[in-house]
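In: could you work out the structure for the sequence below:
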Amino acid sequence: MKFAALVLDFDGLILDTETPIFEEWQATFRARGHDLGMDVWQHALGTHGTYDPCAHLTELGETFDHDEMRAAMKTRILARCETMPLLPGVRGRVEEARAAGLKTAVASSSTSLWVEGWLERHGIRALFDTVCSRDHVERVKPAPDLFLLAATRLGVAPGRCVVFEDSPNGIRAARAAGMRCVAVPNPVTCALPMEGADLVLPSLDARSLREILDALGRT
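Out: Model prediction:
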């Protein structure tokens, strides 16, 4: 089958925002004498609303102002994200897709403000035909809604879309949408199983887009 579109996740796939988010919450838990492991945190990856670290701390007996903590956390995370480059291969693979006439989209469980802001900051927003965020759907990943919306906006059948994801929740969403999925784990998700992915790469820089699509065509 000839593929017609690429749909990329954002957090952890285009920009490694997941590392500072996890590490800052880990540090906060540690400072209060608690552990925050991947066995718990994995449920927050690639989705929204399934895990609340403030509520978790409260359940552990901590008393604090939730809004104040979230605001302080946002400041620290933003400061770290502002120093980050795009993950290796992101620009190259998307530029190859555009040159080959493929449609391109971002589909993220984060907000439009968050995703669009970083894409503009790194000068790659124009490389994408559309950006779908949790502001646009009722259900985020692992539900297929974001990917199906991207396919609709691009005018491409789901079966002709290739998704690039970094988390199990994202892979589940891609499979539920009837799309092929390439998993590209990041430093946070590399220890998690990438079950359901058609192909797993160490980074987007590992192969050219042509090589990736050829590999998918053989599976």
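In: how about the strands of this structure, start to end?
Out: Assigned by DSSP state E, the strands in the chain fall at 5-8, 103-107, 130-132, 161-165, 180-183, 199-200.
In: need the longest helix for this structure.
Out: Scanning the chain for the helix with the most residues, using DSSP state H, yields helix 66-81.
In: and that one, how far from the chain's centre?
Out: 20 Å (C-alpha atoms, centre = their mean, to the nearest Å).
In: ok, residues contacting that helix?
Out: 15, 17, 20, 21, 24, 25, 28, 54, 58, 118 (C-beta atoms under 8 Å, 6 or more residues apart in numbering). Just so you know, the C-beta spots here come from the backbone N, C-alpha and C atoms, and that holds for glycine as well.
In: buried subset of these?
Out: 15, 17, 20, 21, 24, 25, 28, 54, 118 (16 or more other C-beta atoms under 10 Å).
In: now those residues as JSON lines including distance to residue 86 and pLDDT?
Out: As requested, the buried ones among the contacts of helix 66-81 are exported to JSON lines (distance: C-beta to C-beta, whole Å; pLDDT from 0 to 100):
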{"residue": "15", "distance to residue 86": "6", "pLDDT": "98"}
{"residue": "17", "distance to residue 86": "11", "pLDDT": "97"}
{"residue": "20", "distance to residue 86": "15", "pLDDT": "97"}
{"residue": "21", "distance to residue 86": "17", "pLDDT": "96"}
{"residue": "24", "distance to residue 86": "21", "pLDDT": "97"}
{"residue": "25", "distance to residue 86": "24", "pLDDT": "97"}
{"residue": "28", "distance to residue 86": "27", "pLDDT": "97"}
{"residue": "54", "distance to residue 86": "30", "pLDDT": "97"}
{"residue": "118", "distance to residue 86": "9", "pLDDT": "98"}
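In: any chance of the residues you listed in TSV, plus distance to residue 205?
Out: What follows is the buried ones among the contacts of helix 66-81, written out as TSV (distance: C-beta to C-beta, whole Å):
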residue	distance to residue 205
15	15
17	18
20	21
21	23
24	27
25	28
28	32
54	36
118	19
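In: out of these, which comes closest to residue 45?
Out: Nearest to residue 45 out of these is residue 21 (C-beta to C-beta; 9.5 Å).
In: where does the closest residue to that closest one other than its chain neighbours land on pLDDT?
Out: Take residue 21 and drop its neighbours on the chain: the residue closest to it by C-beta to C-beta, 6 or more residues apart in numbering is residue 77, 5.6 Å away. Per-residue pLDDT puts residue 77 at 97.
In: with residue 67 instead?
Out: With respect to pLDDT, residue 67 has a value of 97.
In: hang on, the earlier thing: among the buried ones among the contacts of helix 66-81, which are located in helices?
Out: Under the assignment DSSP H, those contribute 20, 21, 24, 25, 28, 54, 118 to helices.
In: could you verify my assumption that the last one touches residue 10?
Out: Yes: taking contacts as C-beta atoms under 8 Å, residue 118 lies within contact range of residue 10: 7.4 Å.
In: no further questions, thank you.
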